[in-house]
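Asker: Next one to model:
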Amino acid sequence: NNMNELWTLLNFIDPAEFDDCDSFMELYGNMKSKESVDGLHDVIRPYILRRLKEDVEKSVPPKEETLIEVELTLLQKQYYRALYEKNVQFLHKDCKKALDGPSINNLAMQLRKCCNHPFLLTGVEEKMNQGKKHNSMDEEADFLVKSSGKLVLLDKLLPKLKEGGHRQ
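Answerer: Coordinates of the predicted model:
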């Protein structure tokens with residue numbers, strides 16, 4: 001984070017070379033020029049280890065990516081459409097102030113949040129929990145899972161993967 005911390009790390013690695021913090025700070029404490037940065041790079045180059053995964057581990061198989069299209073839940077569809085159409089009446093229904101409901105600024109981010117889980121939008125979880133009391137943690141977890149299409153898929157997929165011994 002700063003030059004004192006760098007000196008501390010270098011002193012830990014090589015106390016014979018980096019024995020005086022004051023002289024180190026005098027040389028490199030004020031990094032105003034490219035020459036001083038280059039000089040510091042030359043000094044610390046022997047202590048920096050930079051490797052690429054391909055060079056280190058040859059047996060790692062190439063990354064395999066599987067895209068699974070997941071349908072949005074009814075709640076997600078409602079909020080997605082309201083956000084997309086900028087339907088303020090729906091978004092701020094039952095809200096005392098506009099700040100209590102989802103924002104329609106930065107629409108792309110709000111739509112992304114909605115696709116991940118509708119409770120990421122401001123005020124949606126509180127609105128959905130009005131008048132509902134969850135008797136157990138299982139009921140609350142089930143409520144959270146059933147509100148998001150992605151979590152519904154994971155809820156079904158993870159037990160099957162565990163059963164099959166996938167990455168125990």
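Asker: Helices of this structure, start to end?
Answerer: Secondary structure of the chain (DSSP state H): helices located at 3-13, 21-28, 34-44, 53-56, 74-84, 88-91, 107-116, 124-129, 137-146, 149-163.
Asker: Quick one: the ones you listed as CSV, columns for mean neighbour count too.
Answerer: For every residue, glycine as well, the C-beta is placed using N, CA and C. Converted to CSV, those look like this (neighbours: other Cβ atoms under 10 Å):
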stretch, mean neighbour count
helix 3-13, 14
helix 21-28, 14
helix 34-44, 12
helix 53-56, 8
helix 74-84, 17
helix 88-91, 14
helix 107-116, 15
helix 124-129, 15
helix 137-146, 13
helix 149-163, 13
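Asker: Lowest average confidence across those helices, which one?
Answerer: Ranked by mean pLDDT, the helices of the chain bottom out at helix 53-56, with a mean of 67.
Asker: Dump the helices of the chain to CSV, plus distance to residue 63.
Answerer: Shown next, in CSV, are the helices of the chain (distance: least, Cβ to Cβ, whole Å):
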stretch, distance to residue 63
helix 3-13, 32
helix 21-28, 39
helix 34-44, 32
helix 53-56, 10
helix 74-84, 29
helix 88-91, 39
helix 107-116, 22
helix 124-129, 34
helix 137-146, 28
helix 149-163, 18
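Asker: which one of the ones you listed lies closest to residue 65?
Answerer: Closest to residue 65 of those is helix 149-163 (Cβ to Cβ; 15.6 Å).
Asker: Residue 153 is in contact with residue 69, isn't it?
Answerer: No. Counting by Cβ atoms under 8 Å, residue 153 stays clear of residue 69, with 9.9 Å between them.
Asker: Quick check: neighbours shared by the two?
Answerer: Shared contacts of residue 153 and residue 69, defined by Cβ atoms under 8 Å, 6 or more residues apart in numbering, are absent.
Asker: closest to residue 64 out of the helices of the chain?
Answerer: helix 149-163 (14.5 Å).
Asker: Which residues does that closest one contact?
Answerer: With Cβ under 8 Å, 6+ apart, helix 149-163 has contacts from 68, 70-73, 76, 115-117, 144-146, 167-168.
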